[in-house]
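Engineer: One predicted model, sequence on top.
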Amino acid sequence: MPDLKKNRKKRQNFTKKLRRFIYIILSAWMIGISNVIYEEDRMVNDTRSHIEQREETPDDAS
């Protein structure tokens, strides 16, 4: 009987570690995908290249 309890605990420990590993991998993948989408969106709607420039005209001293 004690062997069954040990096996059950080992199985539960293994499944907890496996589940945690899968969650970490899925989270990393989802963060990576969101970063790719963000970069593509920023490339399409790039506002950094549209910096306003003032056109200064020389004042007439007359």
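Structural biologist: All right, it came through fine. Residues are numbered from 1 along each chain as shown.
Engineer: From here on, just use CA atoms for contacts and neighbour counts.
Structural biologist: Will do.
Engineer: And residue 42, how far from residue 32?
Structural biologist: Separation of residue 42 from residue 32 (C-alpha to C-alpha, to the nearest Å): 15 Å.
Engineer: Next: residue 3.
Structural biologist: Taken as C-alpha to C-alpha, the span from residue 3 to residue 32 is 43 Å.
Engineer: neighbour-wise, which of those two wins?
Structural biologist: Taking other C-alpha atoms under 10 Å, residue 3 and residue 32 do not tie; residue 32 has more neighbours (12 against 8).
Engineer: Tell me where the protein has helices.
Structural biologist: Assigned by DSSP state H, the chain shows helices spanning 2-44.
Engineer: For it, give me the ranges with low pLDDT.
Structural biologist: Within the chain, the ranges that satisfy pLDDT under 70 run 1-2, 44, 46-54, 60-62.
Engineer: redo that, cut-off 90
Structural biologist: By pLDDT under 90, the low-scoring segments of the chain are 1-11, 35-62.
Engineer: In it, which residue is most central in space?
Structural biologist: Among the residues of the chain, the smallest C-alpha distance to the mean C-alpha position (C-alpha atoms, centre = their mean) belongs to residue 31, namely 2.5 Å.
Engineer: Return the distance of that one relative to residue 24.
Structural biologist: Residue 31 sits 11 Å away from residue 24, going by C-alpha to C-alpha.
Engineer: ok, now residue 58?
Structural biologist: Relative to residue 24, and taking C-alpha to C-alpha, residue 58 is found at 62 Å.
Engineer: Between the two, which has more neighbouring residues?
Structural biologist: residue 24 (12 against 6).
Engineer: how close does the residue nearest to the centre of the chain get to residue 17?
Structural biologist: Going from residue 31 to residue 17 by C-alpha to C-alpha gives 21 Å.
Engineer: same check, this time on residue 55
Structural biologist: According to C-alpha to C-alpha, residue 55 and residue 17 sit 63 Å apart.
Engineer: Those two: which has the busier surroundings?
Structural biologist: Between residue 55 and residue 17, residue 17 has the larger neighbour count (other C-alpha under 10 Å), namely 12 against 6.
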